[in-house]
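S.K.: prediction below, plus the sequence it came from.
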Amino acid sequence: MTNYHSRPELSSSQLALFLSNPIQFYHQCVLGDWPKDEPTPAMQFGTLVHSMIELGGPDRLDIVRRPEGIDLRTKEGKAWRESVAGKEIVTDADWQRLERVWSHLQACSQVRKFLGNGHVERELFWRHQRSGIDCRAKVDQLSDGVLIDWKTTSAASEEEFINQAVNMHYDIRLAFYRDGIEAAENIQRPKILVVGIQSGGGHEIYPLEITGLMEELNSEARMHRAVEDISTFVLEDYLDRPIKVATAPPWLVRKFAGMTEVMS
């Protein structure tokens with residue numbers, strides 16, 4: 001069976017990459033002549049959080065806590081490393097972070113009912129109608145027609161989390177998920193609940209019903225346009241860009257307009 005991540009269909013992460021860096025997308029995902037980015041520590045921690053939610057707690061993860069103070073370069077350290085071969089090793093600090101996150105998820109009544117109830121990530125495959133591109137998505141959880149997406153974040157507040165999400169095209173990825181759910185699961189206009197999980201600081205939990213925000217941002221139309229742009233993208237045309245007349249961003253115009261009023 002083909003590994004999900006090695007399949008040829010367009011994924012939501014590839015779509016987000018195209019929106020932020022078309023050149024990198026084309027070389028990594030179309031030509032395949034640039035290496036893929038390695039997972040960052042934040043991404044690895046996010047993967048652990050997702051698994052913990054699915055399985056029902058940190059104690060059910062197939063991981064091993066690294067003994068405090070052990071040096072893996074010593075004879076004792078190497079022997080311990082061999083004894084846990086094949087298992088993922090986490091530091092004591094990361095284990096404590098997982099325990100705190102789990103405790104705070106359970107404390108939030110709005111998300112507690114979705115924890116560890118036997119769900120598994122669902123793989124979706126469909127054809128985007130407007131472009132003909134074959135697509136794939138792996139959604140965290142579908143429950144009674146609601147998409148629940150767990151998202152670890154460094155944001156210090158709900159407002160910062162929303163700003164980060166929009167800047168990283170997260171709303172377009174969610175629209176992509178919804179398109180897949182409608183096509184592959186025949187669930188029309190599913191609502192979307194995003195659960196932001198602060199990976200540091202106080203490990204706050206941000207449950208957000210984001211469907212209305214996506215409508216304000218016209219996320220669905222922007223998603224369809226982005227997929228269509230991928231279907232017609234020509235790297236040579238993109239690189240051969242014309243000279244653009246520079247204009248000041250609106251916030252800078254407002255700033256200096258205010259200074260002019262004061263000076264006059």
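M.R.: Everything's here; your move.

S.K.: switch to C-alpha atoms for all contacts and neighbour counts from now on
M.R.: OK.

S.K.: where's the residue nearest to the spatial centre of the chain relative to residue 43, distance?
M.R.: Nearest to the mean C-alpha position of the chain, counting by C-alpha atoms, centre = their mean, stands residue 151 at 6.3 Å. Going from residue 151 to residue 43 by C-alpha to C-alpha, to the nearest Å gives 10 Å.

S.K.: ok, now residue 130?
M.R.: When residue 130 is compared with residue 43 (using C-alpha to C-alpha), they lie 32 Å apart.

S.K.: repeat that for residue 251.
M.R.: Remark: distance between residue 251 and residue 43 (C-alpha to C-alpha) = 33 Å.

S.K.: so between those two, which is more surrounded?
M.R.: residue 43 (13 against 9; other C-alpha atoms under 10 Å).

S.K.: so where's the stretch 51-200 of the chain uncertain?
M.R.: 117-119 (pLDDT under 70).

S.K.: now with 80?
M.R.: 67-69, 72, 80, 86-87, 116-120 (pLDDT under 80).

S.K.: part of a helix, is residue 208?
M.R.: No: using DSSP: H, G, I helix; E, B strand; the rest coil, the secondary structure at residue 208 is strand, not a helix.

S.K.: how many other residues sit next to it?
M.R.: A count of neighbours around residue 208, defined by other C-alpha under 10 Å, yields 17.

S.K.: for it, what are its contacts?
M.R.: 193, 194, 195, 196 (C-alpha atoms under 8 Å, 6 or more residues apart in numbering).

S.K.: in the protein, which spans are strands?
M.R.: 63-65, 88-90, 122-127, 134-139, 141-143, 146-153, 191-198, 205-209 (DSSP state E).

S.K.: show me where this protein has helices.
M.R.: Here the chain has its helices, by DSSP state H, at 12-20, 22-25, 41-55, 75-83, 92-107, 109-112, 158-167, 170-185, 211-216, 219-231, 235-239, 250-263.

S.K.: what would these look like in CSV with distance to residue 134?
M.R.: Below are the helices of the chain laid out as CSV (distance: least, C-alpha to C-alpha, whole Å):
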stretch, distance to residue 134
helix 12-20, 12
helix 22-25, 16
helix 41-55, 26
helix 75-83, 43
helix 92-107, 35
helix 109-112, 33
helix 158-167, 25
helix 170-185, 10
helix 211-216, 23
helix 219-231, 10
helix 235-239, 20
helix 250-263, 38
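
S.K.: can you tell me which of these comes nearest to residue 124?
M.R.: Counting by C-alpha to C-alpha, residue 124 lies closest to helix 170-185 out of the helices of the chain; the figure is 6.2 Å.

S.K.: export the closest one as PDB, just CAs?
M.R.: Written as PDB, here are the backbone C-alpha positions of helix 170-185 (Å, rounded to 0.1, in the frame of the first residue of the first chain):
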ATOM      1  CA  TYR A 170      -4.600  28.000   7.500                       C
ATOM      2  CA  ASP A 171      -8.200  29.200   6.600                       C
ATOM      3  CA  ILE A 172      -7.500  28.100   3.000                       C
ATOM      4  CA  ARG A 173      -6.300  24.700   4.200                       C
ATOM      5  CA  LEU A 174      -9.500  24.300   6.200                       C
ATOM      6  CA  ALA A 175     -11.600  25.200   3.100                       C
ATOM      7  CA  PHE A 176      -9.600  22.500   1.200                       C
ATOM      8  CA  TYR A 177     -10.500  20.000   3.900                       C
ATOM      9  CA  ARG A 178     -14.200  21.000   3.700                       C
ATOM     10  CA  ASP A 179     -14.100  20.500  -0.100                       C
ATOM     11  CA  GLY A 180     -12.800  17.000   0.400                       C
ATOM     12  CA  ILE A 181     -15.400  16.200   3.100                       C
ATOM     13  CA  GLU A 182     -18.200  17.300   0.800                       C
ATOM     14  CA  ALA A 183     -16.800  15.400  -2.200                       C
ATOM     15  CA  ALA A 184     -15.600  12.200  -0.400                       C
ATOM     16  CA  GLU A 185     -18.000  12.000   2.600                       C
END
